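Asker: Predicted structure and sequence below. I'll ask about it afterward.
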Amino acid sequence: MKAKKIKRSVTAELFFIYFLGYIAITIIIIAGIVFSVLAYEILCSPSTYNHYFEKLENKLKEDYTSVTDEELLDIDGFIIKINNESQVSFSRGNVIDEFKSLNLQSYMYLSGLTKDNEVLLNEDLRTYVMLSNFNNSIIETKNNIKYSLYSKYLQEDNSIIVVGCPYSEITKPNIFTKIIPHKILIKILSLFNIFLILSIVYVFARATSRLFIKPIKALLRGVMEITNNNYDINIKIDTKNEFLDLANGFNMMAETIRNEKKEKEKLEKKREELILDISHDLKNPLTSILGYSETLINNRDLDENEKMEYLNIINKNSYRANKLMNDLFEFSLYDNSYYKFNMIKTDVSEFIRQTIANYIPEFEHNKFEYDFDIAEDSYYVMMDEEKLSRAINNILDNKIKYNTTGSKILIKTEIREKYFCIVLSDDGESIPEKYRESIFNPFVRLDKSRNSKTGGTGLGLSITKKIINKHNGGIRIINSEVGTSFEIMLPIIKCK
């Protein structure tokens, strides 16, 4: 399972990176210095390439008295021991004159030595690393010869031993320093440490820039895509900070623009279809009116019956064109957000009873079987009685128009939570499921030929839905075993 990344702010991430960088640089500086010292000691120490110094150091560790004059002669050096009475109790090799008339304190001062063996007077790394566990100092003799002295305090008998040799023996080029001089080697090691530090700084600078530059570039690419009208862009940023919030906001903006563009295209398509439908529905009646009116004007031989027939056709088509224009006006009016209904608190149960009562004569004329189940209690909703009556009448008119003689009509009401539900059903032909959403769109009719004898203007259910929506309600076609059932939901404001 992939671990969930912890969200951190940009400030926290920068602090985290620089904190780690500080620790890493510190560790690497220390490691680099240690490495340089070890490398310097290995490469430049005479004991590494000269067995005389190596043998001398081993004997000094085991027993300084075992050092012979011959061994000291190889490095032109000496070794002496000075007791607490300032006397030389042991000596080997070529002892210089400066050590023949000094007391113990003078020897310790000259050697930079304390009883704890802590003081170091020499800063020359090459001589310092020569003999381990010895303090080192460099002096210049009366003969102007530079000597490197190594001293150690012996606590067991309160004395010191001093080992010395010419400075030139210590700094004599070895196998390696003959190829790369000592000073150049120091510069190389210094440059190595500088390069190491700069490399770490570069790595952390890259990490810091990646934290900023990569998401900024991704956002910039997204802006350029939006500029080029590509709204399908989706920015992905692998961070858990403010840049992720910015990318998510950008993606939401792009999605909003994309949806608005699609909605605009859909509305434009609907507008074109609406214009085509209006043109088609107006063309037929106007063509009939124009044709029959020209016949009446140009043909003087028509008898009275033919004239009356043509006038009836003109009147019928004029009525049809007028109804279409009125429905279009009403449809556009309800689509205007500034148009307000005259809303009054009304007993919806009584309103439904009165509306249905007006249709009973037509139901009986068409020999419909009808059954009403209206709530006896009073339920109040805010409504415009005229407009809501228009909406329900559209549905009932359709049921009368599209159902055959002997059909059954069922109207019932029920309460669902805070809504008053009205169900208007019949047992005629059902509306196919694919039309149950689009049937409420303007000019949608099941009769694709748009025959005036089989349907109205195609705006009735659209107007009904807009009226219901203006009442903060809803309308839909619900599933039924037979026929078509419309369900209207109206919000209740008070119950009795």
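Answerer: Ah, there it is. Keep in mind that this is a model prediction, so the values were computed, not measured.

Asker: switch to C-alpha atoms for all contacts and neighbour counts from now on
Answerer: OK.

Asker: can you count the residues close to the spatially closest residue to residue 430 that is not a sequence neighbour?
Answerer: Spatial nearest neighbour of residue 430, excluding adjacent residues (Cα to Cα, 6 or more residues apart in numbering): residue 483 at 4.3 Å. Under the neighbour criterion other Cα atoms under 10 Å, residue 483 is assigned a count of 17.

Asker: quick one, what contacts residue 483?
Answerer: Shown here is residue 483, whose contacts under the criterion Cα atoms under 8 Å, 6 or more residues apart in numbering are 425, 426, 427, 428, 429, 430, 431.

Asker: Please enumerate the helices of the stretch 1-150 of the chain.
Answerer: Taking DSSP state H, counting those that start in this stretch as the criterion, the stretch 1-150 of the chain carries its helices at 10-44, 46-49, 51-62, 69-73, 104-111, 125-128.

Asker: Out of the contacts of residue 483, the closest to residue 190 would be?
Answerer: The shortest approach to residue 190 among the contacts of residue 483 belongs to residue 431, at 89.9 Å (Cα to Cα).

Asker: Show me what the longest helix belonging to the chain is packed up against.
Answerer: For the chain, the longest helix by residue count, based on DSSP state H, is helix 242-298. Of the remaining helices and strands, those touching helix 242-298 by 3 or more Cα pairs under 8 Å, 6 or more residues apart in numbering; DSSP states H and E are helix 182-227, helix 304-334.

Asker: End to end on stretch 349-364, go ahead and measure it.
Answerer: Across its full length, stretch 349-364 reaches 23 Å between end residues, using Cα to Cα, to the nearest Å.

Asker: who touches that stretch?
Answerer: Outside of stretch 349-364, the residues that reach it under the criterion Cα under 8 Å, 6+ apart are 369, 370, 374, 375, 376, 377, 378, 379, 385, 389, 400.

Asker: Turn the residues you listed into JSON lines, including distance to residue 290.
Answerer: Converted to JSON lines, the contacts of stretch 349-364 look like this (distance: Cα to Cα, whole Å):
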{"residue": "369", "distance to residue 290": "43"}
{"residue": "370", "distance to residue 290": "43"}
{"residue": "374", "distance to residue 290": "49"}
{"residue": "375", "distance to residue 290": "52"}
{"residue": "376", "distance to residue 290": "54"}
{"residue": "377", "distance to residue 290": "55"}
{"residue": "378", "distance to residue 290": "53"}
{"residue": "379", "distance to residue 290": "52"}
{"residue": "385", "distance to residue 290": "39"}
{"residue": "389", "distance to residue 290": "35"}
{"residue": "400", "distance to residue 290": "32"}
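
Asker: Could you export the helices and strands packed on helix 242-298 as JSON lines, including distance to residue 416, mean pLDDT and mean neighbour count?
Answerer: Rendered in JSON lines, the data for the helices and strands packed on helix 242-298 read as follows (distance: least, Cα to Cα, whole Å; pLDDT from 0 to 100; neighbours: other Cα atoms under 10 Å):
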{"stretch": "helix 182-227", "distance to residue 416": "47", "mean pLDDT": "79", "mean neighbour count": "15"}
{"stretch": "helix 304-334", "distance to residue 416": "27", "mean pLDDT": "82", "mean neighbour count": "15"}
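
Asker: Compare those helices and give me the one nearest residue 472.
Answerer: By Cα to Cα (comparing all of the helices and strands packed on helix 242-298), the closest turns out to be helix 304-334, at 13.2 Å.

Asker: Could you tell me which residues within the helix or strand just after the closest one count as buried?
Answerer: Following the chain from helix 304-334 toward its C-terminal end, the next helix or strand by DSSP states H and E is strand 344-347. Judged by neighbour count using 16 or more other Cα atoms under 10 Å, the buried positions of strand 344-347 are 346, 347.

Asker: Residue 235: how many residues sit nearby?
Answerer: As a burial measure, the neighbour count of residue 235 was computed by other Cα under 10 Å and equals 19.

Asker: do residue 39 as well
Answerer: 14.

Asker: can you tell me how far it sits from residue 192?
Answerer: In terms of Cα to Cα, residue 39 sits 12 Å off from residue 192.

Asker: Likewise for residue 320?
Answerer: Using Cα to Cα, which is the criterion applied here, residue 320 is 97 Å from residue 192.

Asker: got it, and residue 22?
Answerer: For residue 22, the distance to residue 192 - Cα to Cα - is 19 Å.

Asker: can you check residue 75 too?
Answerer: For residue 75, the distance to residue 192 under the criterion Cα to Cα works out to 34 Å.

Asker: Point out where the stretch 301-450 of the chain drops to low pLDDT.
Answerer: Within the stretch 301-450 of the chain, the ranges that satisfy pLDDT under 70 run 445-450.

Asker: Then residue 229 would be within a strand, right?
Answerer: No - with the criterion set as DSSP: H, G, I helix; E, B strand; the rest coil, the secondary structure at residue 229 is coil rather than a strand.

Asker: Export the helices and strands packed on helix 242-298 as CSV, with columns for distance to residue 161.
Answerer: As requested, those are arranged in CSV below (distance: least, Cα to Cα, whole Å):
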stretch, distance to residue 161
helix 182-227, 30
helix 304-334, 114
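
Asker: With respect to residue 157, which of the ones you listed lies nearest?
Answerer: helix 182-227 (39.7 Å).

Asker: Give me the distance between that closest one and the centre of its chain.
Answerer: Chain-centre distance of helix 182-227: 25 Å, with Cα atoms, centre = their mean, to the nearest Å.

Asker: Kindly report the same for stretch 466-485.
Answerer: A distance of 42 Å separates the C-alpha centroid of stretch 466-485 from that of its chain, computed with Cα atoms, centre = their mean.

Asker: what does stretch 379-390 give?
Answerer: Distance of stretch 379-390 from the chain centroid (Cα atoms, centre = their mean) equals 49 Å.

Asker: And stretch 140-156, by the same measure?
Answerer: Average the C-alpha atoms of stretch 140-156, do the same for its chain, and the two points are 71 Å apart (Cα atoms, centre = their mean).

Asker: And for stretch 168-186?
Answerer: With Cα atoms, centre = their mean as the basis, stretch 168-186 stands 60 Å off its chain's centre.
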